[in-house]
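Enquirer: 3D, please:
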Amino acid sequence: MPRPRKELVCLEDTPYYHVVSRCVRRTFLCGIDTNSGKDYEYRRQWIVNRMRLIASLFAVDIYSYAVMSNHFHIVLKLCPEQSGQWTSAEVLERWTSLYKGPLLIQRFIAGAALQPAELETVNSCIKIYRQRLGDLSWFMKCLNEPIARKANKEDKCTGHFWEARFKSQALRSEKALLSCMAYVDLNPIRAAIANTPEASDYTSIQERMASRFDLAAAIQEQTEQQTLIHFNLPLKALAPFKETDTAEDQKGIPFAFKDYVQLVDYTRKMIRNDKRGFIPDHFPPILKRIQFDPKQWIECSTQFELHFYQRFGRKTPTCNTS
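Expert: As a prediction, this is how the structure comes out:
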């Protein structure tokens with residue numbers, strides 16, 4: 001029986017999560033439909049654009065992502081400390097980029113004189129908005145709902161676009177975070193639609209190596225579809241790599257980017273059928289630092305969803321991430 005989302009997402013356990021959304025019946029509604037031959041590849045850019053803009057409004061850092069033909073993955077960190085530092089005006093600016101808000105909020109933003117009771121209501125709304133802007137469920141709602149409406153309008157149909165809300169997995173250790181990021185970045189290679197990380201379209205690793213994100217085009221696309229009322233904030237960059245001793249209480253990914261890219265490339269060679277399979281003698285130092293056996297690494301980074309459960313990071317004996 002599915003668990004309530006509040007039991008799956010707990011910042012006291014971990015701020016790091018892997019989320020997945022799949023198209024209804026897993027059909028290729030974001031790729032090339034093999035039955036009709038119609039090409040929906042451009043919808044993958046819709047998801048990337050929406051995700052990057054929404055992450056800039058929310059107290060959420062994007063660690064890695066991959067948008068596939070019928071589903072997408074995101075590894076993210078919930079950052080309540082960010083929303084806690086925003087002023088009331090900043091909270092309202094972010095929320096009203098997504099929703100107009102009730103008439104009372106619109107009057108407050110316009111500078112109208114309000115009664116004490118009305119100001120108290122406004123402050124209550126701001127408190128709610130601040131909480132929502134750091135909430136995983138609201139982040140995914142603001143990401144998925146407009147995509148579904150836009151696709152249904154284009155297809156002139158109604159009904160579900162996504163097969164469910166979304167699936168989330170808590171990442172409770174550096175090992176889980178590292179293997180999940182690699183699992184996500186290697187998705188196109190495992191699916192045999194790309195040969196190298198830099199050729200993997202609509203992925204975070206390609207964006208980090210050669211960014212092609214067009215902020216102006218993304219904003220224009222969203223405003224034309226009325227999925228953003230306005231967007232006046234700078235685009236939040238993907239979470240940076242910073243080599244430190246621990247992932248706790250620090251900003252950024254606790255690994256060196258060059259080591260991560262080298263590790264992903266090693267793994268890519270081992271999962272490609274046309275590449276010679278072997279365990280290199282000199283893996284990047286990431287694995288040594290977090291005491292991750294190379295054989296376990298291959299298993300976890302290529303079959304992550306099979307080895308990790310939703311809530312507590314329980315795992316099979318062959319994939320120890322504690």
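
Enquirer: Grab the nearest non-local neighbour of residue 158.
Expert: Among residues not flanking residue 158 along the chain, residue 152 sits closest, at 6.1 Å (CB to CB, 6 or more residues apart in numbering). Where C-beta positions appear, they are placed from N, C-alpha and C, glycine not excepted.

Enquirer: which element is the one you found on?
Expert: helix 136-155 (DSSP states H and E).

Enquirer: Report whether the expected contact of the residue nearest to residue 158 with residue 161 is present.
Expert: Yes: contact between residue 152 and residue 161 holds when scored by CB atoms under 8 Å: they sit 6.2 Å apart.

Enquirer: Which of these two has more residues huddled nearby?
Expert: When neighbours are counted by other CB atoms under 10 Å, residue 152 and residue 161 differ, and residue 161 comes out ahead with 21 against 15.

Enquirer: quick revisit: which residues are in contact with the residue nearest to residue 158?
Expert: For residue 152, the contact set (CB atoms under 8 Å, 6 or more residues apart in numbering) comprises 158-159, 161.

Enquirer: Looking at these, which is nearest residue 30?
Expert: Checking those against residue 30 with CB to CB, the nearest one is residue 161 at 9.4 Å.

Enquirer: where's that closest one relative to residue 115, distance?
Expert: Relative to residue 115, residue 161 is positioned 43 Å away (CB to CB, to the nearest Å).

Enquirer: next one: residue 304
Expert: In terms of CB to CB, residue 304 sits 54 Å off from residue 115.

Enquirer: again with residue 128
Expert: With CB to CB as the criterion, residue 128 and residue 115 are 20 Å apart.

Enquirer: who's more crowded, the two?
Expert: More crowded of residue 128 and residue 115, by other CB under 10 Å: residue 128, with 12 against 8.

Enquirer: That one is in what secondary structure piece?
Expert: Here residue 128 is assigned to helix 116-132, by DSSP H and E.

Enquirer: Now the phi/psi pair for the residue of the chain most remote from its centre, please.
Expert: With distances taken as CA atoms, centre = their mean, the residue sitting farthest from the centre of the chain turns out to be residue 115, at 41.0 Å. With angles defined as degrees, to the nearest 10, residue 115 sits at phi -80, psi 160.

Enquirer: you'd agree residue 236 is up against residue 61?
Expert: Yes: counting by CB under 8 Å, residue 61 is a contact partner of residue 236 at 7.5 Å.

Enquirer: sec struct for residue 265, please.
Expert: When classified by DSSP: H, G, I helix; E, B strand; the rest coil, residue 265 comes out as helix.

Enquirer: That one: how many residues sit nearby?
Expert: Neighbours of residue 265 (other CB under 10 Å): 16.

Enquirer: Contacts only, for the residue nearest to it when sequence neighbours are not counted.
Expert: Leaving aside its sequence neighbours, residue 265 sits nearest to residue 197 (CB to CB, 6+ apart; 6.5 Å). If you count contacts by CB under 8 Å, 6+ apart, residue 197 has them with 185-186, 189, 203, 205-206, 209, 261, 264-265, 268.

Enquirer: Of those residues, grab the buried ones for PyMOL.
Expert: Here is the PyMOL command that selects the buried residues among the contacts of residue 197 (16 or more other CB atoms under 10 Å):
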select buried, resi 185+186+189+203+205+206+261+264+265+268
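
Enquirer: quick one: which of the contacts of residue 197 is nearest to residue 165?
Expert: residue 203 (23.2 Å).

Enquirer: Work out for me the element the closest residue to that closest one other than its chain neighbours sits within.
Expert: In space, and not counting its chain neighbours, residue 203 is closest to residue 66: 4.6 Å by CB to CB, 6+ apart. Here residue 66 is covered by strand 60-67, with elements defined by DSSP H and E.

Enquirer: after that strand comes which helix or strand?
Expert: strand 71-78.

Enquirer: Please identify the pairing partners of that following strand and their relative orientation?
Expert: Partner strands for strand 71-78, per DSSP bridges, with pairing direction: strand 16-22 (antiparallel), strand 60-67 (antiparallel).

Enquirer: and it with helix 136-155, angle?
Expert: 150 degrees (axes from the mean of the first three to the mean of the last three CA atoms, to 10 degrees).

Enquirer: Strand 71-78 - what's its average pLDDT?
Expert: Throughout strand 71-78, pLDDT has a mean value of 96.
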